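only geometry, no sequence info:
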């Protein structure tokens, strides 16, 4: 083993000691940054959870509109014997109602969130 240190820890130069201290300082900084990210994690997780809940609500509204419309159309087809015309008609109406509900909910959510950054700036008057 050519070049191996026979007695580890002894005879280190000041340069080696400074390199070790610098690496230790860098490691402490990375650990501190990781702890800060970990502490701010629940806030991000809460925002992601809220966004996921809102997305599931919107998709459920859309699916429910189609399902209810399809069921009403199927039931009316069974009552009047007009299969499948009323079911197709009410599926389309249910889909339209679901889309309208999704748009309304999204607009309400956007209004509650407020303007996006930059949207509240005054108009630029120096157009040449």
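It's in. Since this is a predicted model, take the numbers as computed values, not measurements.

where does the chain have its least confident helix or strand?
Taking mean pLDDT, DSSP states H and E as the measure, the chain has helix 14-80 as its least confident helix or strand, at a mean of 87.

Going along the chain from it, find the next helix or strand for me.
As assigned by DSSP states H and E, the chain's next helix or strand after helix 14-80 is helix 85-113.

who's in contact with residue 88?
residue 73 (C-beta atoms under 8 Å, 6 or more residues apart in numbering). C-betas here are computed from N, CA, C, even on glycine.

Use 19 as the first number for this chain going forward.
Let's use 19 as the start, then, which means that last one is residue 106.

what's the neighbour count on the residue lying closest to residue 91 once chain neighbours are set aside?
Distance criterion C-beta to C-beta, 6 or more residues apart in numbering; nearest residue to residue 91, sequence neighbours excluded, is residue 108 at 2.9 Å. Residue 108 has 22 neighbouring residues, counting by other C-beta atoms under 10 Å.

returning to what we had before: just the angle between the least confident helix or strand of the chain and helix 103-131, please?
Interaxial angle of helix 32-98 relative to helix 103-131 (axes from the mean of the first three to the mean of the last three C-alpha atoms, to 10 degrees): 140 degrees.

Please name every helix or strand in contact with helix 32-98.
For helix 32-98, the elements it packs on are helix 103-131, judged by 3 or more C-beta pairs under 8 Å, 6 or more residues apart in numbering; DSSP states H and E.

How far off centre is the helix it packs on?
Distance of helix 103-131 from the chain centroid (C-alpha atoms, centre = their mean, to the nearest Å) equals 22 Å.

Equivalent analysis for stretch 40-57, please.
The chain centre lies 27 Å from the centre of stretch 40-57; the measure is C-alpha atoms, centre = their mean.

Next: stretch 100-108.
Using C-alpha atoms, centre = their mean, the offset of stretch 100-108 from its chain centre is 38 Å.

Pull out the buried residues from that stretch.
Neighbour-count burial for stretch 100-108, counted by 16 or more other C-beta atoms under 10 Å, picks out 104-105, 107-108.
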